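Visitor: sequence plus predicted model, see below.
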Amino acid sequence: MYGGKGIWMWMCRGAGIRMGTGDMDRASEDDIKIEYHPSSGIEAKVYSFDNFEHRAADFLVPPPDGQPWSPFKSRLEFEIAEIMLEVGFNNQQTDHLIKLCHHCAVGKEKLTFKNHKDIHNMWEAASHRITKFTKEVILVPFTGDEGLWEYDVHYRDLWELAADMLCNPRLFPHFTFDAHRLSKFDGNTFSQLPPGGKPLAYILYADKTKLSSFGTAKGYPVYAREGGGYVVGWLPIVKDEKLHSGKPSWVDFKNTIWHTSFARIISLLASKSQTGQWLECLDGVTHWFFLCILILSMDFKEQSVMSLTRGIMSLWPCPICLVPRDDLWDTSKSYRQRTSKESQAVINAVRAKETFEEREELLKEQALHLIENAFWAVAFTCVHRALSHDHCHVNHGGLWSCHLWVELQKYVVTLGRAQVSQVDNWFILFDLFEDFPCWRNLRHPNQVIGVTFTDSSVHEDISKMIIYATHGVLTETDSPLSYFLLRCVRLYLEMDMYAALEVHTANTIEEGRHMVQVFTALMKQYMTQTADDNVKNWNFPKLHMTTHIFDDIEAKGATRNYNTKPNEQMHGPLKDWYLNRTNFKNVAEQILHIDHWLLVVDDIGRRISDFDKYLQQKSDSDGEEDDALDDENTNIGPGTDSISTLDPSQHLNAFLNTFLPACNILLPNGRRIHLQSDDTVDWKLYTDYLQCNPQFFNTPRFDWVFIRTQNSVILGHLVFLFQCAIGNDILSLALIHPFDAPTGPRPQQDKQLNLLRVRAQPCAKAEFFSVQSIICGALLVQDSGSNPLDYFVVDTIDTDMFLCVREMHQQAGHPVRI
């Protein structure tokens with residue numbers, strides 16, 4: 001289910017979704033069934049797997065505006081103003097560039113700008129294209145103070161912003177207003193809205209960020225994910241007063257300001273959630289929309305503020321469920337979930353109490369603050385259900401970085417300097433030499449032991465490689481407890497991989513829940529073994545939050561829908577604008593002004609692009625299709641000199657004489673092929689993501705790949721990638737060194753750490769494969785043990801690798817371990 005557009009989607013494989021008898025009689029294996037919500041009145045549909053396609057709804061797109069650059073006088077003026085805005089010219093630079101343009105301007109269009117005021121006025125005239133920000137001043141009383149405290153709040157009208165997107169030709173085709181479920185047939189087996197009502201759901205994210213390098217200037221933006229990421233509000237930041245800081249009354253005051261401010265941001269959303277709002281969309285259909293907040297994405301601290309719970313020191317710290325404070329460590333148990341209705345009833349009961357002591361006692365029992373929650377005004381929204389598992393802060397920036405990794409480092413340091421150096425050198429070698437290959441978007445810190453990283457993404461990358469860096473150091477013989485913790489880390493990584501999957505089925509959700517329980521069971525054993533000599537306290541909220549991972553996935557879709565990692569990346573432009581485009585006074589208004597103008601630039605630019613495509617299609621309606629012979633899924637890069645002393649011509653002759661007839665390609669003149677190494681074979685290197693290059697940044701780089709053979713999936717090391725011309729056919733082929741030699745009995749450490757060991761064949765057994773046999777790239781690291789031909793497949797690098805290696809484990813008959 002993709003909450004940002006009010007869509008409910010469910011994808012399932014196997015017996016997780018039962019089909020009717022008639023459906024199963026007509027269905028074939030792997031068929032896809034779509035079931036729409038009963039209120040939509042749309043019948044279920046079954047598609048074959050090969051013909052199924054999830055695409056935007058078909059509707060007649062109106063011809064684009066003939067002058068999409070309006071209100072600018074011409075396209076030229078719009079593009080010049082756009083460049084100035086993107087670069088961030090100051091007034092003097094703007095005036096100088098305009099003078100230069102007047103001197104060199106030629107053509108039919110006339111430049112009418114005279115100075116920066118003309119451009120400023122034109123952007124203001126164009127600002128109506130996107131819903132603008134509104135500024136309000138809120139007045140909040142503080143206990144013991146006769147006056148009212150003033151704070152500024154900036155926000156966009158969330159309904160008007162949604163209406164902008166619903167009337168956008170680029171975005172509207174991707175909206176689906178009827179909930180539906182996808183199921184994949186393998187041979188076996190929500191609504192409170194009034195009739196005709198359609199949900200329009202929002203994903204909201206709010207988090208304070210440092211605008212300046214030293215943290216003296218801060219901002220508190222609010223983002224909405226609805227057809228994209230938009231800044232929709234700017235909350236006030238309450239500076240701590242030494243006289244009041246730390247007092248319960250000051251905490252309540254800060255929470256009151258937060259919810260009063262947020263209530264302004266969602267005020268129109270709240271009113272329209274009660275009665276709905278009619279809107280005629282681009283398809284000509286008038287829909288009755290009911291607005292709701294489906295997902296609230298933020299870290300644990302902000303979750304406590306949004307839910308108005310009392311945080312980690314209260315009797316019930318979790319903002320989602322009623323877990324006792326002393327049981328946060330035990331993730332094998334589940335507890336009753338909180339609801340907005342129950343919280344509201346508690347607050348009403350507290351207000352009925354006569355004395356402060358009675359009110360405070362009841363509030364402590366329920367771990368709530370005596371404040372009106374802003375989200376209670378939004379219909380079809382429960383703030384506790386909208387709060388979601390934060391994959392970034394709970395896993396990478398919490399459970400791993402602050403707990404598992406800290407414990408693991410202690411054990412390494414205890415073993416001595418040689419072991420610390422060995423682990424650090426592993427990361428350095430991983431970055432520098434071909435024996436430790438690179439992987440796209442994977443960072444390799446030069447030192448990890450004893451170094452503090454503040455970026456959760458760096459911790460995520462360290463966790464992906466830590467098993468392979470430490471399995472030769474933290475052994476069961478030298479350090480039993482550290483080895484036991486390493487087994488726990490391995491289970492944590494598998495749980496993290498299941499949580500990170502972009503698409504879930506009933507099977508993956510079941511396996512993920514099982515992995516949480518397996519991790520919990522092993523962690524309990526580790527806590528028991530270290531209870532006497534370990535001062536580590538494992539009773540903390542982020543360990544407990546793992547119990548909510550797969551409940552959230554079932555309710556709101558994949559974790560990428562509510563992970564704070566992509567949301568935090570949107571802070572970057574705000575910091576740049578603060579540094580380069582403000583005078584460091586009243587920065588909120590200046591930053592939001594730039595943000596709004598850039599949204600207008602994007603809107604006009606897209607309309608111009610649509611206009612260009614429309615004109616191109618009219619002029620090229622009878623154009624010919626490209627008849628290129630290259631395979632659309634592969635791209636062979638420019639050629640280089642020979643990179644190996646191996647002469648592959650004899651192997652290639654034998655391969656082609658077998659491969660071509662199997663592909664129904666006639667042999668030239670009906671004769672067997674005999675090629676010399678310098679004949680018609682064109683050796684070229686692949687230059688996209690898979691590298692097969694003797695000089696990749698002055699270092700040899702030959703990647704590993706997964707290869708699908710007739711019998712199974714194997715791993716191999718790229719030697720050559722090339723194209724071969726046979727008659728009129730061009731074949732994309734690869735010479736690959738297979739890593740499928742027998743590895744013998746599986747070592748106990750491989751079983752307990754779930755490592756997939758592969759062994760290289762002799763170099764003379766390199767084989768030719770069609771590039772179409774390559775499934776994807778792979779990452780292997782050499783085992784530090786006695787056999788230099790043994791490698792481990794790094795399955796924690798991403799979800800695709802994880803699933804591929806899982807399949808190979810199943811093929812090899814490896815049992816599930818605990």
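Guide: Alright, I've got the coordinates.
Visitor: hmm, residue 490 and residue 523 touching each other?
Guide: No. Residue 523 is not in contact with residue 490 according to CB atoms under 8 Å; the separation is 11.9 Å. (C-beta placed from N, C-alpha, C; glycine too.)
Visitor: list the buried residues in the helix ranked longest in the chain.
Guide: What stands out as the longest helix in the chain, according to DSSP state H, is helix 587-619. Across helix 587-619, burial judged by 16 or more other CB atoms under 10 Å covers 587-588, 590-601, 603-604, 607-608, 610-611.
Visitor: what about the strands in the stretch 701-818 of the chain?
Guide: With strands called from DSSP state E, counting those that start in this stretch, the stretch 701-818 of the chain shows them at 704-708, 713-726, 729-738, 757-759, 767-770, 774-778, 780-782, 790-793.
Visitor: adjacent strands (with direction) for the longest one?
Guide: Right, strand 713-726. Looking at strand 713-726 with DSSP bridges, its paired strands and their directions are strand 681-683 (antiparallel), strand 704-708 (antiparallel), strand 729-738 (antiparallel).
Visitor: out of the ones you listed, nearest to residue 719?
Guide: Taking CB to CB as the measure, the strands paired with strand 713-726 were each checked against residue 719, and strand 729-738 came out nearest at 4.4 Å.
Visitor: report the contact partners of residue 611.
Guide: Under the criterion of CB atoms under 8 Å, 6 or more residues apart in numbering, the neighbours of residue 611 are 64-66, 68.
Visitor: find the least confident helix or strand in this structure, judged by mean pLDDT.
Guide: Of all regular secondary-structure elements in the chain, judged by mean pLDDT, DSSP states H and E, the least confident is strand 681-683 with a mean of 33.
Visitor: residue 541 touches residue 318, doesn't it?
Guide: Yes. Because the distance of 6.4 Å satisfies CB under 8 Å, residue 541 is recorded as touching residue 318.
Visitor: got any residues that touch both of those two?
Guide: Taking CB under 8 Å, 6+ apart as the contact definition, residue 541 and residue 318 share the neighbouring residues residue 328.
Visitor: more neighbours, these two?
Guide: The residue with the greater number of neighbours, taking residue 541 and residue 318 and applying other CB atoms under 10 Å, is residue 318; the counts read 28 against 19.
Visitor: surely that one and residue 545 touch.
Guide: Yes. Judged on CB under 8 Å, residue 318 makes contact with residue 545 at a distance of 7.5 Å.
Visitor: beyond the helix or strand hosting residue 364, next helix or strand please.
Guide: Following DSSP states H and E, one finds residue 364 within helix 356-366. Sequence-wise, the next helix or strand downstream of helix 356-366 (DSSP H and E) is helix 383-386.
Visitor: from residue 815, how far off is residue 277?
Guide: Counting by CB to CB, to the nearest Å, the separation of residue 277 from residue 815 is 56 Å.
Visitor: the more surrounded of these two?
Guide: Set residue 277 next to residue 815 and count neighbours by other CB under 10 Å: residue 277 wins out with 18 against 8.
Visitor: for that one, which non-adjacent residue is closest in space?
Guide: Of all residues beyond its chain neighbours, the one nearest residue 277 is residue 289 (5.2 Å), with distances taken as CB to CB, 6 or more residues apart in numbering.
Visitor: helices or strands up against the helix or strand containing the one you found?
Guide: The secondary structure element spanning residue 289 is strand 286-297 (assigned by DSSP H and E). Contacting strand 286-297 under the criterion 3 or more CB pairs under 8 Å, 6 or more residues apart in numbering; DSSP states H and E are the following elements: helix 158-166, strand 197-206, helix 267-275, strand 277-280, helix 383-386.
Visitor: ok, now which ones touch the residue nearest the centre of the chain?
Guide: The centroid of the chain falls nearest to residue 560 when counting by CA atoms, centre = their mean (4.0 Å). With CB under 8 Å, 6+ apart as the criterion, the residues that contact residue 560 are 500, 502, 566.
Visitor: wasn't the last one part of a helix?
Guide: Yes. Assignment of residue 566 by DSSP: H, G, I helix; E, B strand; the rest coil places it within a helix.
Visitor: bridging residues for the nearest residue to residue 139 once chain neighbours are set aside?
Guide: Across the structure, with CB to CB, 6+ apart as the measure, the residue nearest residue 139 apart from its sequence neighbours is residue 148 (4.1 Å). Under DSSP bridges, the beta-bridge partners of residue 148 are residue 141.
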